[in-house]
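Enquirer: Take this sequence and fold it.
(2 chains)
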Amino acid sequence: MAALIRYTLKRLLGAIPTLLIIITLAFFLLRAAPGGPFDMQRAMPPQVKANIEHMYHLDEPLWQQYLNYLDSIVHGNFGPSFVYRGTTVNDLIRQGFPVDLTIGGLALLGSLLFGVPIGIIAALKQNSAWDYGPMATAMLGISIPNFVVAPLLILVFAVQLHWLPAGGWGHGRLEYLILPSISLGLPMVAYMARLMRASMVEVLNSPFIRTARAKGLPERIVIWRHAMRPALMPLISFLGPAVVGIVTGSIVIEQIFGIPGIGRFFVNGAFNRDYTLVMGVTILYGMLIILFNLLADILYGVLDPRVRFE
Amino acid sequence: MMEQADKLLEVTDLKVHFTLPGGGWSRNKQILRAVDGVSFSVAPGDTLGIVGESGCGKSTLARALLCLVPVTSGSIKFKGQELTTLDDAAMRGIRRNAQIIFQDPLASLDPRMTVGNIITEPMRALMPELSRTQRHERVLAMMQQVGLLPSHINRYAHEFSGGQAQRIGIARALVVEPALVVCDEPVSSLDVSIKSQVINLLQNLQAERGLTYLFIAHDLTSVRHIAQRVVVLYLGRVMEVADRDTIYRQPRHPYTQMLIAAVPIPDPRVAREHKVSAVRGELPSPLKPPSGCAFRTRCPWAIERCAMERPELRVIENSQVACHRAEESLGSKLSG
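Expert: Model (predicted):
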């Protein structure tokens, strides 16, 4: 247990340089892009533009701005948004992130809930209709992009059947969450089912499973006690990348369903050169990915005693 | 047959065939005859050695005996009860009396379990009448018998060496007090120094508990120390069955003779006098076994008849041999 805490702290400390690199790269790449947050279609009087840039400290040397930015981040302040006047990036994240968290969390939960059992059943009934059917469907699920799935779902369940709303947020009421979560989670279900099937098939052929059967254990116990944990390992290492997929996928889904999540701010911010907003969201995504990879590594150690936390 | 009537295990014309998908898009399925008409029997308290090259179907045979792979046809009678027709639940009852020790000791243990749990688990499944403390006592007693320390009980299997892992495997198999133990090459992956320790352990346990062993090996040397009778297997078929002393002194089948010749002889002068060379060539594919006698492609004495007619197992003096020319005693004048 002490080793686990020490390991977690070490990993969290190790995340600081990673984040610093992300911040530095994002900062200078953004500034290297042509244009700025206050470039309008109609040219501004030079004096006005200079005043605005002075107000946001954009007239200072770049390294000075960088250091100032680092200083404010250390104090948990992502700065004011350049485009959404009068709001800070912290405000925008506070508004938008819970929305993404809800949809992303539902999608992840749903894909685990469906993908894992489908994969296990396919592995147990290998080379039968229970295997071929779901696996072929899963291949489809992986191949069809969510910007195709989402409008189709809207067409069927909202426009034709009137079961669910076509879009909007509705203060996070369940009926508004269902279609976006399904669109986001469907490829994930497919991917997890295939992953789970492959690893389960491999584990079921390993010698220690043969031993478990020779011990006289009922098949149910052979699977739950001996095969389940090793079969989950590949799924857990997929957890980190899965969060990335959900985060980037949600940008498209938010656009299609008109959901006030953070992805919309991210895309608009990138177009408008809203430096602080894009930086804030980038850092948030970076932290999320680091966190989930750490979580996956810890789970790995919990499930396999051969993994040592060092 | 010549053995006494009370058999612990009686195998008759056992066949285990695997259907393999044809290559590419072809719909022709190929049939792999891993075990192809094997018969033998074991009396209680005896040790039967089963010997053959890798790929001859020994391990498949071992697993088939305990219904760990599906049997194609034939009969396995354990204590007079037919095993091939039992369902999973009924077979579980048999497992209390018939256990198996596997070839790769480390891979055969669940790496996520402690030694204590590995040895306890069969009792929890097969001996529900035992209380928790009784199980714990039996685990400790069993560990001591196979030479493990009580302090090992909470260690994980992956922390042990191959020899120790095999001791855990033996403890796991014997803790339910089976009558029959199938040993599927239990020492072939171990160091030479560890090999004899584990064989001695198996022999001591047999003496103490009156166990019946089915001891599978790929060479005749390890079997010589432990088995009373030996079955020689080639491409899933029985080539020769005889008592240990008979098979070493007077091997009748050309394949047995060559297996014996393959054993390295420490004295070069004795070695030079040997007439029979070791087995030549490669094992033919079990997907396309030779017609007639399976061994004829590598047999120096093969005649036309060997390609036409499959030799049946026949009794010749003290042996059973599947060879058309067994009476001619072609290469049997070995020293020894």
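Enquirer: give me the number of residues near the residue of the stretch 51-200 of chain A found nearest chain B?
Expert: Nearest to chain B in the stretch 51-200 of chain A, going by C-beta to the nearest C-beta, is residue A:127, at a distance of 9.4 Å. C-beta coordinates here come from the backbone N, C-alpha and C atoms, glycine included. Using other C-beta atoms under 10 Å in any protein chain shown, residue A:127 has 10 neighbouring residues.
Enquirer: Likewise for residue A:143?
Expert: Applying other C-beta under 10 Å, we find 10 residues neighbouring residue A:143.
Enquirer: again with residue B:102
Expert: Using other C-beta under 10 Å, residue B:102 has 26 other residues around it.
Enquirer: I figured it hits residue A:210, correct?
Expert: Yes. If you go by C-beta atoms under 8 Å, residue B:102 and residue A:210 touch, sitting 7.0 Å apart.
Enquirer: got any residues that touch both of the two?
Expert: residue B:108 (C-beta atoms under 8 Å, 6 or more residues apart in numbering or on different chains).
Enquirer: Sticking with the residue sitting nearest the centre point of chain B, tell me its helix or strand.
Expert: Nearest residue to the geometric centre of chain B (C-alpha atoms, centre = their mean): residue B:216, 2.5 Å. In this structure, residue B:216 sits in strand B:212-217 according to DSSP states H and E.
Enquirer: what's that strand in contact with?
Expert: With C-beta under 8 Å, 6+ apart as the test, strand B:212-217 has contacts from B:8-9, B:42-51, B:58-59, B:61-62, B:65, B:179-186, B:188, B:202, B:206, B:223, B:226-227.
Enquirer: Can you say which of these are buried?
Expert: B:8-9, B:42-43, B:46-51, B:58-59, B:61-62, B:65, B:179-186, B:202, B:206, B:223, B:226-227 (16 or more other C-beta atoms under 10 Å in any protein chain shown).
Enquirer: which residues sit in contact with residue 57?
Expert: The chain I'm using is chain A. A:64, A:65, A:68.
Enquirer: That was the other one, I meant chain B.
Expert: By C-beta under 8 Å, 6+ apart, residue B:57 lies in contact with B:16, B:34, B:35, B:36, B:38, B:233, B:235, B:236, B:286.
Enquirer: Then residue A:180?
Expert: A:103, A:150, A:253, A:254, A:257, A:259.
Enquirer: again, but for residue A:204
Expert: By C-beta under 8 Å, 6+ apart, residue A:204 lies in contact with A:123, A:124, A:223, A:227.
Enquirer: quick one: it from residue A:306, how far?
Expert: Separation of residue A:204 from residue A:306 (C-beta to C-beta, to the nearest Å) stands at 20 Å.
Enquirer: Residue A:270 sits in which helix or strand?
Expert: In this assignment (DSSP H and E), residue A:270 forms part of helix A:262-272.
Enquirer: which of the residues in that helix are buried?
Expert: For helix A:262-272, burial by neighbour count (16+ other C-beta under 10 Å) applies to A:262, A:263, A:264, A:265, A:266, A:267, A:269, A:272.
Enquirer: contacting residues around the closest residue to the second one other than its chain neighbours?
Expert: Here the nearest residue to residue A:263 in space, its sequence neighbours aside, is residue A:251; by C-beta to C-beta, 6 or more residues apart in numbering or on different chains that works out to 3.4 Å. Counting by C-beta under 8 Å, 6+ apart, residue A:251 touches A:263, A:264, A:266, A:267.
Enquirer: Recalculate using a threshold of 10 Å.
Expert: A:100, A:261, A:262, A:263, A:264, A:265, A:266, A:267, A:281 (C-beta atoms under 10 Å, 6 or more residues apart in numbering or on different chains).
Enquirer: Show the residue spans covered by the strands in the stretch 51-200 of chain B.
Expert: B:73-78, B:81-82, B:98-101, B:180-184 (DSSP state E, counting those that start in this stretch).
Enquirer: now the ones you listed as TSV including distance to residue B:267?
Expert: Below are the strands of the stretch 51-200 of chain B laid out as TSV (distance: least, C-beta to C-beta, whole Å):
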stretch	distance to residue B:267
strand B:73-78	43
strand B:81-82	49
strand B:98-101	34
strand B:180-184	30
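Enquirer: rewinding a little: would you point out the most distant pair within the contacts of residue A:251?
Expert: A:100 and A:267 (13.0 Å; C-beta to C-beta).
Enquirer: What is the neighbour count of the residue nearest to residue A:33 when sequence neighbours are not counted?
Expert: Among residues not flanking residue A:33 along the chain, residue A:273 sits closest, at 6.9 Å (C-beta to C-beta, 6+ apart). Here the number of neighbours of residue A:273 (other C-beta under 10 Å) works out to 19.
Enquirer: Would you confirm that residue A:273 contacts residue A:34?
Expert: Yes. The criterion here is C-beta atoms under 10 Å, and residue A:273 meets it with residue A:34 at 9.0 Å.
Enquirer: I'd like the contacts of residue B:57 written out as CSV, with distance to residue A:10 added.
Expert: CSV is the format used below for these (distance: C-beta to C-beta, whole Å):
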residue, distance to residue A:10
B:16, 53
B:34, 51
B:35, 54
B:36, 59
B:38, 58
B:233, 56
B:235, 57
B:236, 56
B:286, 54
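Enquirer: who wins for most neighbours among these?
Expert: residue B:35 (30 neighbours).
Enquirer: Can you check my assumption that that residue lies in a strand?
Expert: Yes. The assignment for residue B:35 (DSSP: H, G, I helix; E, B strand; the rest coil) places it in a strand.
Enquirer: Looking at strand pairing, list the partners for it.
Expert: residue B:16 (DSSP bridges).
Enquirer: related to what we said a few turns ago, which ones among the contacts of residue A:204 lie within helices?
Expert: Secondary structure assignment by DSSP state H places A:123, A:124 of the contacts of residue A:204 in helices.
Enquirer: which of the contacts of residue A:204 come close to chain B?
Expert: residue A:227 (C-beta under 10 Å from any C-beta of the partner chain).
Enquirer: which residues of chain B score low on pLDDT?
Expert: B:1-5, B:22-27, B:271, B:273-279, B:329-336 (pLDDT under 70).
Enquirer: could you pull out the helices for it?
Expert: Remark: helices assigned in chain B by DSSP H are B:58-65, B:88-95, B:115-126, B:132-145, B:162-174, B:192-209, B:220-226, B:244-249, B:254-262, B:268-273, B:304-308.
Enquirer: Give me every residue in the stretch 151-300 of chain B lying close to chain A.
Expert: B:155, B:156, B:157, B:158, B:159, B:169, B:172, B:173, B:175, B:176, B:182.
Enquirer: try 6 Å this time
Expert: Applying C-beta under 6 Å from any C-beta of the partner chain, we find that the stretch 151-300 of chain B lies next to chain A at B:156, B:158.
Enquirer: following the helix or strand hosting residue A:22, which helix or strand comes up?
Expert: Assigned by DSSP H and E, residue A:22 belongs to helix A:2-32. Downstream of helix A:2-32, the next assigned helix or strand under DSSP H and E is helix A:46-55.
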